[in-house]
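[1] Coordinates for the following, if possible.
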Amino acid sequence: METLGHITNKIHKIISQQVDCKIDKTIGVEGQALLFYERLTQIIRPRNQSDRTCFRRVTNWVVRGIKDGKYHSPEIFETVLGYATEAAGPDSRNPAAVFMKILKDEMGYGKETT
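    Residues are numbered from 1 along each chain as shown. Next up is the predicted model:
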């Protein structure tokens, strides 16, 4: 098992080398989640604490889906980052809201029952 420091160093190296939506397959799901969150906040800059909380919850939702076998890693992270890129288009006045709308429509985010 990799240490948090080792994972963090790998993630920072990967972020500095890549600008696209690809997620490294050589790190574990938790490391991929950290990388995903960093990329998501680069694509859609959080305007306030609410945006940061929302992105954190989306990240946790994706990780839960992977652990439950609903999604495959890293493809799901890349798919969601693609939605973020779409939401952050030049005509978007509120990219975070557009992103959440796309997630709800395309992936059923927020519709699961507990």
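[2] For the residue most central in space within the chain, what is the enclosing helix or strand?
    Residue closest to the average C-alpha location in the chain (C-alpha atoms, centre = their mean): residue 36, at 3.9 Å. With elements taken from DSSP states H and E, the one containing residue 36 is helix 29-43.
[3] Would you map the strands across the protein?
    For the chain, no strands are identified by DSSP state E.
[4] what stretches of it score poorly on pLDDT?
    1-2, 5-21, 112-114 (pLDDT under 70).
[5] What residues does the residue nearest to the centre of the chain make contact with?
    23, 59, 62, 77, 80, 81 (C-beta atoms under 8 Å, 6 or more residues apart in numbering). For glycine as for every other residue, the C-beta is placed from the backbone atoms N, C-alpha and C.
[6] In the residues you listed, find the pair that's most separated.
    Farthest-apart pair in the contacts of residue 36 is 23 and 59; separation 12.0 Å (C-beta to C-beta).
[7] and the two? which has more neighbours close in?
    More crowded of residue 23 and residue 59, by other C-beta atoms under 10 Å: residue 23, with 22 against 19.
[8] Pretty sure that one sits against residue 32.
    Yes: with contacts counted by C-beta atoms under 8 Å, residue 23 reaches residue 32, the gap being 5.2 Å.
[9] which neighbours do those two share?
    With C-beta under 8 Å, 6+ apart, residue 23 and residue 32 have common neighbours 73, 74, 77.
[10] Could you single out the nearest of those residues to residue 49?
    Of the shared contacts of residue 23 and residue 32, the one sitting nearest to residue 49 (C-beta to C-beta) turns out to be residue 77, at 23.3 Å.
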